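> Return a 3D structure for these sequence lines:
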Amino acid sequence: MAHHSYVDESIRGNNYYLAEVVISPKDVGWVRSNISRKFRVNGRLLHMHQESMATRSRALFELMKIPFAVNIIRCDKTSSTLLARQASIHELAASQSMQSCKLLILEQISSNLFDRRILEAYARDPFTTFPEFRHMRCSEEPLLTIPDVMAWSFGRGGVWRSRVDSKVLNYTEISS
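Model prediction:
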């Protein structure tokens, strides 16, 4: 079934987590509206790294009511964050999920040029179908809040990870 994917990262010690949130195109509009309304802190969209534990907990509780699934890639960040991200983007681009993805939105960060090179190489392959992709800020695409929450919660471990386990479709471990 066709879907849209929204991707963000979280870093915990030597672990780099990339979360791909999969949402049905028929749900994108109302989920985006819901996120824009309910996931604001002091006028800005929520970002797990910056929030209090109480805000994080409330956000995760509300988020778990929304229909989506998540694929998590964990990469050992032994040498650099950039190498871990590149390995994770390669893994994402080659994943089965990309075969039915129609639109891929990645959080805009400093490694956009490296991401673009990797993704364009996959998009040029005549033997595969690859989605349209772009980098956006969370302020431009509220749905990027979902992979932020999922990557942070999964990476945090313990009770946070157990609260998101029901949404995880696939968990992959790789090394950079």
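> Checking the closest residue to residue 108 other than its chain neighbours next. Helix, strand or coil?
Leaving aside its sequence neighbours, residue 108 sits nearest to residue 135 (Cβ to Cβ, 6 or more residues apart in numbering; 4.1 Å). In this view, the C-beta of every residue, glycine as well, is placed from N, C-alpha and C. On the three-state scheme (DSSP: H, G, I helix; E, B strand; the rest coil), residue 135 is labelled strand.
> Listing partners with orientation, what would you give for the helix or strand bottoming out on mean pLDDT in the chain?
Across the helices and strands of the chain, mean pLDDT, DSSP states H and E gives its lowest value to strand 40-41, namely a mean of 84. Here strand 40-41 has these sheet partners by DSSP bridges: strand 44-45 (antiparallel).
> Relative to the centre of this structure, find the outermost residue for me.
In terms of distance from the mean C-alpha position of the chain, residue 126 ranks first, at 26.3 Å (Cα atoms, centre = their mean).
> which SS state does that residue fall under?
Residue 126 - assigned by three-state DSSP - is coil.
> ok so, going back, mind listing what the residue nearest to residue 108 touches?
105, 106, 107, 108, 109, 112, 115, 116 (Cβ atoms under 8 Å, 6 or more residues apart in numbering).
> Name whatever forms a beta bridge with it.
Per DSSP bridges, the residues bridged to residue 135 are residue 106.
> okay, it: pLDDT?
The per-residue pLDDT reported for residue 135 equals 94.
> same check, this time on residue 106
Note for residue 106: predicted pLDDT of 96.
> If you tally nearby residues, what's the number for it?
Counted by other Cβ atoms under 10 Å, the residues lying close to residue 106 total 26.
> before we move on, what about residue 50?
Neighbour tally, residue 50, other Cβ under 10 Å: 11.
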